[in-house]
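Q: sequence unavailable; structure follows:
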């Protein structure tokens, strides 16, 4: 008879091996899915995971895209991971990302067309503040009224999307082009443009910010008291309270950090690769970042790797749409499967299968 | 003036239709949570129900087959959640989120060819004399059968939880799974069944959207209905009739907001259409801040994994 036995300690080996295994299993399951859609599975998988980087034909276009797509994912996921460690579930990063973009773009549009070196730094601050503010709503409702932060942060995504639409059609609309929704193109406004720092690398200020955030998060989680408190609150809430960790303070800090980082990601996107405030501006980075955080094992270094991988699936998905006419939703399914496999595999981190002989009494 | 142009009977009728999909999903999730499981995948199961119901109804020409297919579709996805959380002991919050993300993607994938098609019509129930009563006839007695079956389902769930033996076992499992296990009840079996029921209900709710309320299939068409259903369970303090009251209240807000849009109130459409989400948050705040009840009613073992160690 087979039975599950809880390990005394989670297996270190499986903790690290599982994300890789999950990727392999997802590729296999994805191949089956593509075959069912009537596409050559080998070609499709190669197109998504290898061609964006190694192909001669489109590599020069898609290689810089890798950092452009991964940077917001990493930036958001690093913040989310801090909260997830403490069992504080901010799943509304998409909304905070939108609000960061709106605050950042708002500053730029207010100054237009004035030149000035200070405009971009102000936008950065505004972007972080916008995301922070939006995350403070679930934080304060949680600490003051004990309202569930999962539901509130998620519901606020829909509210943020409506505000985005209202802005694109209303206050922020480009007054020079009548009849079209969408703001001015910030890429054409030099003082506000989040331009590529090195030609053809895809490196813009958002990539730099993601790198800094990863380093900060790493130091905080491993060397700082706050990181210790976060881990303690997640693993042993009672012990944390005895150690003087205030749960309310932790909620505000965790949601504040993740909100500000998501806001930054939105601001760097709207002033660079995205270019303008449009109704279709938000493409789900805030949700994909949840997968990135889990796949990266809530560890800053792991998140970098996971962010690069999921960034790759975004580019590969676009290539697949262009070349193989793969449906765009296939990538979403892919990302969902990845999380499923990872969660499923993780049971061997915490449990082991035991074959026991005879009948239990 | 503007409000005068809104017919109250039509408003009540529309309210009942708007409330039905969320109520279906909420009553299913209520049972799941009463068994001690938090499934955040309602949105994903709903949209899978919406798309499978739509596809089957279009191909078979029968809305009934559509609804059956939707229930099975939602149930199939919920089984994935059951496998993860009950057999493989995964984190319920993360698994529920995965279910939602996966369901949204998968539904868009399989529904691709069905955008822009009109599904077969579900007939309104002919209630004879009842439908001819002034006001009430138009408001309450002129709906499709699903509206009434949903109300009956709420009653059945209420009776099941309060009076039936199985319902008592389900509540015991949800309140204290160690004690229930000690008494010899099969904690996991009860929970898997509850999860499946929740999946079927969410699937039905989704199909109500795509087959009757909208009626069409569009990508991501649930726009948060599953999350609102989750909020509704908290709002209802895990009580079936209160879930229904909450759903009708919510339906009222949706319908009123739509009517204001149509009446051309001088508020931009975007701000009006965010009101259902804001009101849901507001209601959540009011319910959870009350010191005496509300969240204190939550099942004791909610969102706690169970592993029989002996």
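A: Right, received. Where do you want to start? Predicted model, so just to flag it, every value in this text is computed and none were measured.
Q: where in the chain is pLDDT low?
A: In the absence of a named chain, chain A is used. Filtered on pLDDT under 70, chain A yields the residue ranges A:1-2, A:355-361.
Q: wrong chain, I was asking about chain B
A: Applying pLDDT under 70 to chain B flags residues B:1-6, B:290-296, B:309-310.
Q: residues touching the spatially closest residue to residue A:273 that is not a sequence neighbour, list them.
A: The shortest distance from residue A:273 to any non-neighbouring residue, by CB to CB, 6 or more residues apart in numbering or on different chains, is to residue A:68 (5.1 Å). The C-beta positions use only the backbone N, C-alpha and C, and glycine is treated the same way. Going by CB atoms under 8 Å, 6 or more residues apart in numbering or on different chains, residue A:68 touches A:202, A:204, A:207, A:272-273, A:311.
Q: for residue A:285, same thing?
A: By CB under 8 Å, 6+ apart, the contact list for residue A:285 reads A:72-73, A:76, A:93-94, A:97, A:265, A:269.
Q: what helix or strand is the residue nearest to residue A:262 when sequence neighbours are not counted on?
A: Of all residues not flanking residue A:262 in the chain, residue A:96 sits nearest, at 3.8 Å (CB to CB, 6+ apart). Using DSSP states H and E, residue A:96 sits in helix A:93-111.
Q: picking that back up, go through the contacts of residue A:68 and name the one nearest chain B.
A: Nearest to chain B out of these is residue A:311 (CB to the nearest CB; 16.7 Å).
Q: next, count neighbours for the residue nearest to the closest one when sequence neighbours are not counted.
A: The shortest distance from residue A:311 to any non-neighbouring residue, by CB to CB, 6+ apart, is to residue A:70 (3.1 Å). Applying other CB atoms under 10 Å in any protein chain shown, we find 27 residues neighbouring residue A:70.
Q: how close does residue A:70 get to residue B:34?
A: According to CB to CB, to the nearest Å, residue A:70 and residue B:34 sit 42 Å apart.
Q: do the same with residue B:228
A: Taken as CB to CB, the span from residue B:228 to residue B:34 is 19 Å.
Q: quick one: the helices in chain B, in order.
A: Listed in chain order, the helices of chain B (DSSP state H) span residues B:8-34, B:42-60, B:63-82, B:92-111, B:136-139, B:145-163, B:165-175, B:177-182, B:187-208, B:225-235, B:240-263, B:269-273, B:275-289.
Q: ok, which of those helices comes nearest residue A:196?
A: Distance to residue A:196, taken as CB to CB, is lowest for helix B:92-111 among the helices of chain B, at 30.9 Å.
Q: what strand or helix carries the residue nearest to residue A:311?
A: Here residue A:70 is assigned to helix A:59-85, by DSSP H and E.
Q: buried sites along that helix?
A: By neighbour count on 16 or more other CB atoms under 10 Å in any protein chain shown, the buried set for helix A:59-85 is A:62-85.
Q: one more: stretch B:203-221?
A: In stretch B:203-221, counting by 16+ other CB under 10 Å, buried: B:203-213, B:215-217, B:219, B:221.
Q: these two touch, right, the residue nearest to residue A:311 and residue A:305?
A: No - assessed by CB atoms under 8 Å, residue A:70 is found out of contact with residue A:305, at 9.9 Å.
Q: ok, back up a step: mark which of the contacts of residue A:68 are part of helices, please.
A: Using DSSP H, the contacts of residue A:68 in helices are A:207, A:311.
Q: now for the contacts of residue A:68: which two are most distant?
A: A:272 and A:311 (14.9 Å).
Q: of the two, which one has the most company?
A: Counted by other CB under 10 Å, residue A:272 and residue A:311 do not tie: residue A:311 has more neighbours, with 25 against 22.
Q: quick one, what contacts the more buried one?
A: Applying CB under 8 Å, 6+ apart to residue A:311 gives the contacts A:66-71, A:73.
Q: one more time with 7 Å, if that's ok
A: Residues in contact with residue A:311 (CB atoms under 7 Å, 6 or more residues apart in numbering or on different chains) are A:66, A:69-70, A:73.
Q: coming back round to it: my read: the residue nearest to residue A:262 touches residue A:133, true?
A: No - taking CB atoms under 7 Å as the definition, residue A:96 is not a contact partner of residue A:133, at 8.7 Å.
Q: more neighbours, the two?
A: residue A:96 (37 against 17).
Q: state the distance from that one to residue A:159.
A: According to CB to CB, residue A:96 and residue A:159 sit 12 Å apart.
Q: ok, now residue A:335?
A: For residue A:335, the distance to residue A:159 - CB to CB - is 24 Å.
Q: swap in residue B:107?
A: 23 Å.
Q: the two: which is more packed in?
A: The neighbour count for residue B:107 versus residue A:159, taken as other CB under 10 Å, is higher for residue B:107 (31 against 25).
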